[in-house]
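Peer 1: No sequence on hand, only this structure:
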């Protein structure tokens, strides 16, 4: 990781100065060097901006929820993950996605915050304003029909899984290594990329956040209403892209 150092300012070049002036400049230079040494490395992980305005998903998801969810919740996961780099310097050499597949090697704080960062990053991308998300590609639709019988059946099973997740967590549509699709669920900020026992691993095509902070301002405890309102926001164009990309790595 690159560390930022502040070079001495131009006015510190050798010029004839009185003793008091030289002393003051010397103290200033020492302070600059001290601050430069104390500054942490630039963070490898950054909060991605929302790909649309905070109010763009209304009325299904209100602007206040989007702002709090993105800026505070997701922002906290990023900050907390970066705080782990000093104790776990190998994090600096991993992409966010690569980290998920090695998450078992790290402390729980990395698991929770690294998962939270990846999960939310994909979540913003898998949504789009109403009417802008497109539809399943012929290839994806064929895979959906082969695994679930119909798009309607996929939506029903996915919604049931999301509603049934006890406490906080996520519902996922994944592509298995054999090309078939499956619906799964994870607790907290775990995801199907993680090398953890008890998880069905696969490539996430879409993930729905069912933590209460994702919907409580508008829906309170009515999670099924939130899930139903979320479907028209699904960015099928992004899901199509992920499905195609997953096929190239099978």
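Peer 2: Received the coordinates, thanks. Because the structure is a prediction, the values reported are computed rather than measured.
Peer 1: Which residues does stretch 48-66 contact?
Peer 2: Applying CB atoms under 8 Å, 6 or more residues apart in numbering, the external contacts of stretch 48-66 come out as 67, 70, 121, 124-125, 127-130, 213-218, 229-230, 232-233. Quick note: C-beta positions are derived from backbone N, CA and C, even for glycine.
Peer 1: Doesn't residue 185 lie inside a helix?
Peer 2: No. Per DSSP: H, G, I helix; E, B strand; the rest coil, residue 185 lies outside any helix segment and is strand.
Peer 1: Compute the first-to-last residue distance for stretch 229-238.
Peer 2: Stretch 229-238 has its terminal residues 19 Å apart, counting by CA to CA, to the nearest Å.
Peer 1: Would you mind checking the contacts of stretch 48-66 for buried ones?
Peer 2: Burial by neighbour count, 16 or more other CB atoms under 10 Å: within the contacts of stretch 48-66 this picks out 70, 121, 124-125, 127-129, 214-215, 218, 229-230, 233.
Peer 1: Check the secondary structure at residue 44 for me.
Peer 2: Recorded secondary structure, residue 44: coil (three-state DSSP).
Peer 1: residues touching it, list them.
Peer 2: When contacts are taken as CB under 8 Å, 6+ apart, residue 44 is in contact with 1, 82, 85, 91, 92.
Peer 1: again, only using 10 Å
Peer 2: Residues near residue 44 by CB atoms under 10 Å, 6 or more residues apart in numbering: 1, 2, 81, 82, 85, 91, 92, 93, 94, 95, 96.
Peer 1: quick one: which of the residues you listed is most hemmed in?
Peer 2: Most neighbours among the contacts of residue 44, by other CB atoms under 10 Å: residue 81, with 25 neighbours.
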